[in-house]
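> got a predicted model here, sequence first, then my questions.
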Amino acid sequence: MISYMLCLVLFSVGLYCILRKRNVIKIIIGIGIMEYAANLFFVLLGYRTHGRSPIYAIDQEIKSMVDPLTQSVVLTGIVLGLSVTLLLVAIAIRIYERYGTFDITKITKLKG
Amino acid sequence: MEISFIAIPLASAFVVAMIANLDERIQDCIACLAALATLTLSLFAITVLSGAGSSGAIVYKVGGWVPPFGVSIVIDGLAAFMLVTVNLIALAALFYSTGYMKKYTDKWKFYALFLLLLAGINGVLVSGDVFNLYIFMEIAAIAAYALVAFGTTAEELEASFKYAVMGTVASCFIFLGIAFLYGYSSTLNMADMASVLASKGPSGALLLASVLFLMGFGLKAALAPFHAWLAYAHSSAPAPVSAMLSGVVIKVLGMYAIARIFFNVFGITPVISFMILTLAVLSMIVGSMLAFVQSDIKRMLAYSTVSQIGYVALGLGVGTPLAIFGALFHLFNHSLFKSLLFLNSGSIERVAGTRDMGKIAGILDKAPLTAYTGLVGALSICGVPPLGGFWSKFIIILACIQAGRPILALTAVVVSILTLAYYFKSYTPVLFGNVTTSKQIKAKSLFTMNAPMVALTVLVALAAFILIPVVGNVFMDGAVASLVRGISYTDVVFEALK
Amino acid sequence: MKRMGNTEDRGMTLIIKTVTRITLGFILLYGIYIAVSGHVEPGGGFAGGVIVALSLVHVMLAFGKEAALNRLHASGLRVILGLSTLVFLTIVVLGFRCRGLVSEIIIPICQAVITASALFAIFVALVLLSKKDRDAEEGK
């Protein structure tokens, strides 16, 4: 139970980072933290005590396996997170080119 | 057939990327043909489904695994209806961009991203699995973030960054919601999940997941407290991208996902419909208030989207069959006229050289076609009687009164009057204003830009014909039935599997 | 890392270049091994592709941008990415219709190629972007 709670704490840390930090790169790091927290929570759901890897073998007796579905889901989630992060970093580089700053409070050409 | 909704745009995206060095016209052809092919397929799907009666569904088991174990692809009435809408708008926007995007370099990148967006949206519509829905939603969202930043001017980058951050936070909430749902029901397939949740009954985990989904999808749908990103993203993007984003992306990623999950998987409860109604009323009022004070034509249209998406949510929240019919009809109408208006704003910008409504006047004299198509779109969104927009709003208001919610009906009427007021205020000088005060004509309008606008105008003008039973039976009945039947969605899917 | 003026594009010191030259083949081979052995052991197309992409990134870091781009040009990268994705997609679509299509080797290799080319393309794009940015700043 405590590990699930720690996931949610991590999630909140990421959210705090996005909401409060002014640096664009720190916001991207916050998004990374949030994604990792969500992924960690999902993969923990599939954990079984003393479970082994979910690979079927004829010569072994299998008593308890971890859930393979959460692992494949999280693998996909990590790839999606990677692509979002890369896109954000590319945009951040371009933003620095245009505005000359990483401070989100100074990136305000759009108003209203 | 089911997989080609995803495979055709995806394959053409990479084909366009591979032949980037060849002639631009070949890329134009490939992109438009891909959208035409998916449109034809979706029309085929909707006729097949209407032939099978209102409880028909096309279900495909990927890899031959039956649903609780494998991923399934489900096209029911709602999905087929949305597929037609999406691919229609995508075709119009792609045809428009063959001319419009000439002012940008690297057109192939635009086509690749646009087709990726189309593949993602079609994927969201055809998937019968919650996590698959999430994956395709992310694909569509990432393509949309990149498309908003396509011009790489300072404003576009800023808008794209804000959109991307907000969208990713929403995705994280949705992912967390899926995790809670999986932990509670041990399945990801929507049909199977519906039956598991029905047998397990309500619980705290389910309520938490509902709130997370409502936050995440509400942000993607730009419902009122979460609407801030929309005005940035939709007003900064190139015109065909704005048309696509405002016309279909927020509806598919937001409203369709809300409808599918809350109606067909969770089963709608009074608490959920109260929350949806609150968001709906809030976004109707906030959107129209903010649209009033805008001077940028695309920003005004973007805030008007917030207000109009509130109508769709209102219909879904009331939840009677008539209200759902009204909501889906309004969704279809709004896709048509809002994408028409955004394409139109691109043409106005091209003719007048600016988007500031204070500086544009007398489009009617310079580009009559642009002016008349814009006028029809604006009249329809204001709810002027013979056009589709009037009937869909009228049906929603009627359904509110019928369901015994006069206050909601009154709100809808007031917002409708507000819509008329701000379109009247902003569009009249733009279209009919005194010519002498305006700047010189910048560029002639192109055929490729006019043709989709005229086609959409004709569709907007004819949209009211859906109310005639012969047309409506084919087009809308399956969609309404698939929402009205609620969690017996699972029976339909498992019936179709046999 | 020490930045050495205009020699930056020509890469790093002799030691690093020599070590890169020796290890490059092994890294590539290891990446391919990981890609094809994902059935029972840990591994698979994505992990293998990441390692293959890292070997290319390694070359770029050691010898400079030009050397790496001479080996694998950006437009060539695009064609490889597109082709492998199309092959991958064709197999998937065929697998929808014809049961029992054996693709245990093709799918991980395609996936590895896609991952490697995509990651390398992204790295190249980011390097070019930041390079332009730095040039712009020095020009001021």
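Arrived safely.
> is the helix or strand of chain A with the lowest mean pLDDT positioned near chain C?
Within chain A, no helix or strand scores below helix A:68-99, which has a mean of 87 by mean pLDDT, DSSP states H and E. Yes - between helix A:68-99 and chain C, judged by CB under 8 Å from any CB of the partner chain, the touching residues are A:75, A:79, A:86, A:89-90, A:93-94, A:96-97. For glycine as for every other residue, the C-beta is placed from the backbone atoms N, C-alpha and C.
> list the helices and strands that helix packs on?
If contacts are counted by 3 or more CB pairs under 8 Å, 6 or more residues apart in numbering or on different chains; DSSP states H and E, helix A:68-99 sits against helix A:24-45, helix B:130-148, helix B:154-185, helix C:106-139.
> the first one - what's its average pLDDT?
This means helix A:24-45. For helix A:24-45, mean pLDDT is 91.
> can you check the third one too?
For helix B:154-185, mean pLDDT rounds to 90.
> just how off-centre is it within its chain?
The chain centre lies 18 Å from the centre of helix B:154-185; the measure is CA atoms, centre = their mean, to the nearest Å.
> near chain A at all, that helix?
Yes - contact of helix B:154-185 with chain A (CB under 8 Å from any CB) involves B:154-155, B:157-161, B:164-165, B:168-169, B:171-172, B:175-176, B:178-179, B:182-183.
> got a quick PyMOL command for the buried subset of the residues you listed?
Command for PyMOL that selects the buried part of those, burial taken from 16 or more other CB atoms under 10 Å in any protein chain shown:
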select buried, chain B and resi 154+157+158+159+160+161+164+165+168+169+171+172+175+176+178+179+182+183
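> as a markdown table, the helices and strands packed on helix A:68-99 with distance to C:Tyr33 would be great.
Converted to a markdown table, those look like this (distance: least, CB to CB, whole Å):
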| stretch | distance to C:Tyr33 |
| --- | --- |
| helix A:24-45 | 26 |
| helix B:130-148 | 28 |
| helix B:154-185 | 33 |
| helix C:106-139 | 11 |
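> which stretch among the ones you listed comes nearest B:Val252?
B:Val252 sits nearest to helix B:130-148 of all these, at 7.6 Å, using CB to CB.
> tell me if the closest one is near chain A.
Yes - looking at helix B:130-148 against chain A by CB under 8 Å from any CB, the contacts come from B:131, B:135, B:138, B:142, B:145-146.
> make TSV out of those residues and add distance to chain C and neighbour count.
Below are these laid out as TSV (distance: CB to the nearest CB, whole Å; neighbours: other CB atoms under 10 Å in any protein chain shown):
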residue	distance to chain C	neighbour count
B:Phe131	17	22
B:Ile135	14	19
B:Glu138	16	25
B:Ile142	13	23
B:Tyr145	15	23
B:Ala146	12	22
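> of the residues you listed, just say which sits nearest to B:Tyr100.
Distance from B:Tyr100 was checked for each of these by CB to CB. The minimum falls on B:Ala146, at 17.6 Å.
> contact partners for the closest residue in space to the closest one that isn't next to it in sequence?
Excluding its sequence neighbours, the residue lying closest to B:Ala146 (CB to CB, 6 or more residues apart in numbering or on different chains) is B:Leu113, at 5.2 Å. B:Leu113 sits next to B:13, B:143, B:146-147, B:150 when contact means CB atoms under 8 Å, 6 or more residues apart in numbering or on different chains.
> roughly how far does B:Leu113 sit from B:Ile139?
Distance, B:Leu113 to B:Ile139, using CB to CB, to the nearest Å: 11 Å.
> what of B:His330?
For B:His330 relative to B:Ile139 (CB to CB), the value is 27 Å.
> up against chain A, what does chain B have?
B:131, B:135, B:138, B:142, B:145-146, B:149, B:152-155, B:157-161, B:164-165, B:168-169, B:171-172, B:175-176, B:178-179, B:182-183, B:188, B:231-232, B:235-236, B:293-294, B:299.
> work out for me the element the residue nearest to B:Ala239 when sequence neighbours are not counted sits within.
Leaving aside its chain neighbours, B:Ala239 sits nearest to B:Gly346 (2.5 Å; criterion: CB to CB, 6+ apart). Assessed by DSSP states H and E, B:Gly346 sits inside helix B:321-352.
> now the residue nearest to A:Leu45 when sequence neighbours are not counted: how far from B:His227?
With sequence-adjacent residues excluded and distances taken as CB to CB, 6+ apart, A:Leu45 is closest to B:Gly183, at 4.7 Å. Separation of B:Gly183 from B:His227 (CB to CB): 31 Å.
> A:Ile95 touches B:Ala159, doesn't it?
No - under the criterion of CB atoms under 8 Å, A:Ile95 is not in contact with B:Ala159, lying 10.9 Å apart.
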